[in-house]
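Participant: Quick one, structure for this:
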Amino acid sequence: MIRSLFLISLIINGVGSSILAVGYPYILLSDSTPMTYYYANMGIIFLFTSMGALLWGYKIDYATDIWQFRIVILLIEIFSTLLLLILLVSKIAFPPIMLLLFIAILEFLFAYEIPWSRVAWHELNDWAEQQGGKHLNVSLYIVIATSLISALGPGLGALLGITQGIDTIVAIKLFSLLPYFYICYLMMKMQVKRTAAQRSQLTGGLRSVFQQRYYKTLAIAVVFTIFANAFLMVALPVVVMESLANKSYGLVTLFYLLSALIPIFCTTLLNKTRVNSRIQRYPITIFISLFIFGILFFQLHTFYAKSFFYLLYNIAIIYFNVLITNTIYQKGLEMQQGRLFSLFQVTMNFSFPIAAITVSIAPDSSQYFLPVVGFSLFLLIAIAVYFIIQINKVPAPVHHWRR
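Facilitator: Next comes the predicted model:
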């Protein structure tokens, strides 16, 4: 029960923060703000979030009580959001740069959530199982929760940013923090401590992880896959709109919603079949599936065909995220989990602007095919690198994946 409440409050908190981060830039667009100013605002918010993820990942790994420290950060976040809301409701005029910095600082504080929720979920499950709780597929549940945040947050943020004011989205942000604070407070009172397994086999920095050949090879494959995905995501709006022809543009909203929610439902069902165990036994199938579904998404012309293969691509992406989460959750990496999740998140964050800038500075004649070329090239390299693990029988660490 407590694990379900934790995931529900996590989703509410994540959606609330996404609404603020995405909604504010859309408010600028609805006010006919110059595009340069819009992109500058997005860039600053993105920069503060990435800086926070890197800093907090380090703090989490060296915290003896992650719940107590999370309570402190949440209190600062709640009072900062409340202060901003009071200033906005009071109609106190302050320069746009001050509002931007206020929101950027809130996102900096929220960045603690990115690595912390993964580590806390892992610790909570260890504790629950020690209390006689049911054994869960830990990685799949946290990936589904974060996928729901990604599915709901940006869409609601864009909608509310266009139709509502800054007061509304800040109020939503504030109320989304309260259930999460309560659950974390309960965890602290229940004395959910970090397990003895935290005394990791690898007590050094990240270098001690990547000195192991398996992790080093897997990390290279993951980085190339992240950049391949970035090229597809950058081109996604253009590819989808071109395929619509004279169809209703209302299909776009339905496309984004269903392509996010259906894969989550399908992955949950597959978890109860033999398909799931086979995928975990042969992770190379994840990379190959991403390549095949991505290429078909680019190459097929009709909107419905693209939608179908993008849906399959999103199922493969969920399994890719489960692969990463499973790897970081392995016994022996407890003291590096926060930094590893932060590193993964920050790599994803930076991959999108890098891919977008690469396409934007290319000659007009190559902008049409550059995304599919970048996607194909990076993913083929990732597949080749991962084959090195299997062909050369690069041994995985002696500890096994946790289900």
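
Participant: Please work out how many residues are found near residue 225.
Facilitator: Residue 225 has 26 neighbouring residues, counting by other CB atoms under 10 Å. C-beta: built from backbone N, CA, C; applies to glycine.

Participant: same deal with residue 372?
Facilitator: Counted by other CB under 10 Å, the residues lying close to residue 372 total 18.

Participant: Give me the contacts around the helix or strand harbouring it.
Facilitator: Per DSSP states H and E, residue 372 falls inside helix 370-391. Helix 370-391 is touched from outside by 214, 217-218, 220-222, 224-225, 227-229, 231-232, 234-235, 239, 283-284, 287-288, 290-291, 294-295, 298-299, 355, 358-359, 362, 394, with contacts defined as CB atoms under 8 Å, 6 or more residues apart in numbering.

Participant: Just the ones of those in helices?
Facilitator: Secondary structure defined by DSSP state H assigns 214, 217-218, 220-222, 224-225, 227-229, 231-232, 234-235, 239, 284, 287-288, 290-291, 294-295, 298-299, 355, 358-359 of the contacts of helix 370-391 to helices.

Participant: Now do the contacts for the closest residue to residue 178 other than its chain neighbours.
Facilitator: Taking CB to CB, 6 or more residues apart in numbering, and ignoring the residues beside it in sequence, residue 178 has residue 78 as its nearest neighbour in space, at 7.5 Å. Residues in contact with residue 78, defined by CB under 8 Å, 6+ apart, are 174, 177-178, 181.

Participant: Show only the entries of those residues found in helices.
Facilitator: With helices identified by DSSP H, the entries of the contacts of residue 78 that belong to them are 174, 177-178, 181.

Participant: Domain parsing of the protein, as residue ranges.
Facilitator: Each domain of the chain is listed here as a residue range: 2-198, 206-391, per automatic domain parsing.

Participant: so can I have JSON lines of those domains showing mean pLDDT?
Facilitator: JSON lines is the format used below for the domains of the chain (pLDDT from 0 to 100):
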{"stretch": "domain 2-198", "mean pLDDT": "81"}
{"stretch": "domain 206-391", "mean pLDDT": "83"}
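
Participant: circling back to that earlier point, which of the ones in helices among the contacts of helix 370-391 are buried?
Facilitator: Buried members of those, counted by 16 or more other CB atoms under 10 Å: 217-218, 220-222, 224-225, 227-229, 231-232, 234-235, 239, 287, 290-291, 294-295, 298, 355, 358-359.

Participant: Can you tell me, leaving aside adjacent residues, what's nearest to residue 26?
Facilitator: Once its chain neighbours are removed from consideration, residue 26 has its nearest residue in residue 161; the separation is 2.9 Å (CB to CB, 6+ apart).

Participant: thinking again about what came up before, where neighbours are concerned, which of the contacts of residue 78 has the most?
Facilitator: Neighbour counts for the contacts of residue 78 were taken using other CB under 10 Å; the highest belongs to residue 177, with 22 neighbours.

Participant: Isn't that one up against residue 74?
Facilitator: Yes. Using CB atoms under 8 Å, residue 177 makes contact with residue 74 at a distance of 6.4 Å.

Participant: For burial, what's the neighbour tally of residue 83?
Facilitator: Residue 83: 11 surrounding residues under other CB under 10 Å.

Participant: And for residue 136?
Facilitator: 16.

Participant: In three-state terms, label it for me.
Facilitator: Per DSSP: H, G, I helix; E, B strand; the rest coil, the secondary structure class of residue 136 is coil.

Participant: separation between residue 159 and residue 5?
Facilitator: Residue 159 sits 27 Å away from residue 5, going by CB to CB, to the nearest Å.

Participant: Only the buried residues of the helix holding residue 372, if you could.
Facilitator: Within helix 370-391, the residues that qualify as buried are 370-372, 374-376, 378-379, 381-383, 385-386, 389, counting by 16+ other CB under 10 Å.

Participant: next one: stretch 352-364
Facilitator: Of all the residues in stretch 352-364, those buried under the rule 16+ other CB under 10 Å are 352-353, 355-356, 358-359.

Participant: Any chance of a markdown table for those residues, columns distance to residue 343?
Facilitator: Conversion of the buried residues of stretch 352-364 to a markdown table gives the following (distance: CB to CB, whole Å):
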| residue | distance to residue 343 |
| --- | --- |
| 352 | 16 |
| 353 | 17 |
| 355 | 19 |
| 356 | 21 |
| 358 | 22 |
| 359 | 25 |
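
Participant: from those, which single one is nearest residue 66?
Facilitator: Within these, distances to residue 66 taken as CB to CB reach their minimum at residue 352, with 28.8 Å.

Participant: you'd agree that closest one is up against residue 233?
Facilitator: Yes. The pair residue 352 / residue 233 is scored as a contact, 6.5 Å apart, by CB under 8 Å.
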